[in-house]
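Novice: predicted model and sequence below, questions to follow.
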Amino acid sequence: MADLPTHTIVFEILTRLPAKDVGRSKSVCKQWYALLSTQDFVRIHCSRSVVSSNQRVLLIDDLTCSVRPIISNNNDYGPSSIVTFPFHHQNNDVSILSHLNGLLCVCLNHTYELLLWNPTTTAFKRLSTPDSHGFYINNLDAIGLYVDADDDYKVLHIKRRSGALGVYVYSREVDSWRNIHFITRQEYLSPHFNWSAGTFCGGTLYFTVCECWIGGTNVVICFDVNSEQFKEISFPPVPSNGMVQGVLVNVKNVLHMFASTGMFEMTIDLWTLQGDYWIKVLSCPPIPPISLSLWCDITHYVTNGNWFVMTKLGKLFTIEMDMKPFECFYPVSWFRGFKGAVFVQTIVSPSI
């Protein structure tokens, strides 16, 4: 080891360490601290950290915040470790809006403030400003976290206020907000339309925009993060005779959508986006009647070929792609009262 060049040790060996071990390595000497803090090192380490074995589930309840590994061989969570919030908060106050490369964009519900937070390093950055930028209102706003071609982490904030729509971008590099132009149909300003959080995939942020009644309009809004241009594409051709929800998932940089339909029974189809068109890749059998409030807030994530379905109320399901259709959807574990997200442990900083 002593005969290896420092560059080889840092960029070929230390970039493969877990994020917490990188933090400890910074204390070896001033040279290592400087090299391990460069954006080149952070970028390479992040690219090698975004693997399924490094996925963690962050779960928040009224009193605690915990992080759990995913045990893929039995589709469950591993032992939890308690995480202390590094910022002031109140009980049941923190909502997770978006996540990317180990960073979470969260909202403090009692102040409406937006923050960027890395739960692994505990570093955070407040995005609120005296001129009213960086404040989020649930059911009216939409958030998307992304990184552009210049490796600048940014937050797209879509705000609906008193019949007007404003679109703002926060840049980590320059630590400020700016307004960008957004042309869309006027009807999407209505509170009857529900905007999802943005899903970043292949240089584009995608939002589902769904009308809140049976047979309503459902579309996908796309934001090219480098040209900063918006466009609209159609929803997958799902039946419109029941409640419809589309949840977007990035799988190996290919966009997928879980489209849920039904009233007294729920059907879930998995679609993939090819160009501007959706191709169906999986149909699940009808799910027995469950509470509308249970499935209407479903979020999804994938690891090792298994699709996990976790409701905001905490119930966890799994879909195994290689099983027979009527065996592929079943409950795995129960969690009640949690809010959470799946993230990878990285050293990406919320500020420069």
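Specialist: Yes, it's here. Computed from a prediction, not measured in an experiment: that's the story for all the values here.

Novice: for this structure, where's the lowest mean pLDDT among helices and strands?
Specialist: Every helix and strand in the chain was compared by mean pLDDT, DSSP states H and E; the lowest is strand 329-333, with a mean of 40.

Novice: which secondary structure elements does the helix or strand that that strand is followed by contact?
Specialist: Downstream of strand 329-333, the next assigned helix or strand under DSSP states H and E is strand 339-344. Helices and strands touching strand 339-344, by 3 or more Cβ pairs under 8 Å, 6 or more residues apart in numbering; DSSP states H and E, are strand 55-60, strand 94-100, strand 103-108. Every residue, glycine included, has its C-beta placed from N, CA and C.

Novice: deepest-packed of those, please.
Specialist: The highest average neighbour count among these, using mean count of other Cβ atoms under 10 Å, belongs to strand 103-108 at a mean of 25.

Novice: between that one and strand 339-344, how big is the angle?
Specialist: For strand 103-108 and strand 339-344, the angle between their directions (axes from the mean of the first three to the mean of the last three Cα atoms, to 10 degrees) works out to 160 degrees.

Novice: nearest to R16, out of the helices and strands packed on strand 339-344?
Specialist: strand 55-60 (16.8 Å; Cβ to Cβ).

Novice: quick check: mean pLDDT of that closest one?
Specialist: Strand 55-60 shows a mean pLDDT of 80.

Novice: partner strands of it and their direction?
Specialist: strand 65-71 (antiparallel), strand 339-344 (antiparallel) (DSSP bridges).

Novice: quick one: these as JSON lines, columns for mean pLDDT too.
Specialist: Shown next, in JSON lines, are the strands paired with strand 55-60 (pLDDT from 0 to 100):
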{"stretch": "strand 65-71", "mean pLDDT": "80"}
{"stretch": "strand 339-344", "mean pLDDT": "77"}
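
Novice: contacts only, for V244.
Specialist: Going by Cβ atoms under 8 Å, 6 or more residues apart in numbering, V244 touches C210, G216, N218, F235, V238, A259, S260, T261.

Novice: how many other residues sit next to the fourth one?
Specialist: The tally of other residues near F235 (other Cβ atoms under 10 Å) stands at 19.

Novice: make sure it is actually in contact with L248.
Specialist: No. Here F235 lies out of contact with L248, judged by Cβ atoms under 8 Å, at a distance of 11.1 Å.

Novice: tell me the pLDDT at the closest residue to K159 other than its chain neighbours?
Specialist: Spatial nearest neighbour of K159, chain neighbours left out: G166 (4.7 Å); criterion: Cβ to Cβ, 6 or more residues apart in numbering. With respect to pLDDT, G166 scores 89.

Novice: give me the contact list for the helix or strand containing G166.
Specialist: G166 is part of strand 164-171, with elements assigned from DSSP H and E. Applying Cβ under 8 Å, 6+ apart, the set of residues contacting strand 164-171 from outside is 127, 133-134, 152, 154-159, 176-182, 184, 188-189, 228.

Novice: quick one: H7 from D224, how far?
Specialist: Using Cβ to Cβ, to the nearest Å, one obtains 36 Å as the distance from H7 to D224.

Novice: just want to know which of these two has more residues nearby.
Specialist: Shown here are H7 and D224; by other Cβ under 10 Å, D224 has more neighbours (13 against 9).

Novice: burial count for the closest residue in space to that one that isn't next to it in sequence?
Specialist: Excluding the flanking residues, the one nearest D224 by Cβ to Cβ, 6+ apart is T204, at 5.6 Å. Neighbour count for T204, taken as other Cβ under 10 Å: 19.

Novice: so what's T204 scoring on pLDDT?
Specialist: 96.

Novice: now it: how far from R16?
Specialist: 30 Å.

Novice: all helices of the stretch 151-300 of the chain, in order?
Specialist: Remark: helices assigned in the stretch 151-300 of the chain by DSSP state H, counting those that start in this stretch are 292-295.

Novice: quick one: contacts for the residue lying closest to V254 once chain neighbours are set aside?
Specialist: Excluding the flanking residues, the one nearest V254 by Cβ to Cβ, 6+ apart is T272, at 6.1 Å. Neighbouring residues of T272 by Cβ under 8 Å, 6+ apart: V254, L255, H256, M257, W278, I279, V281.
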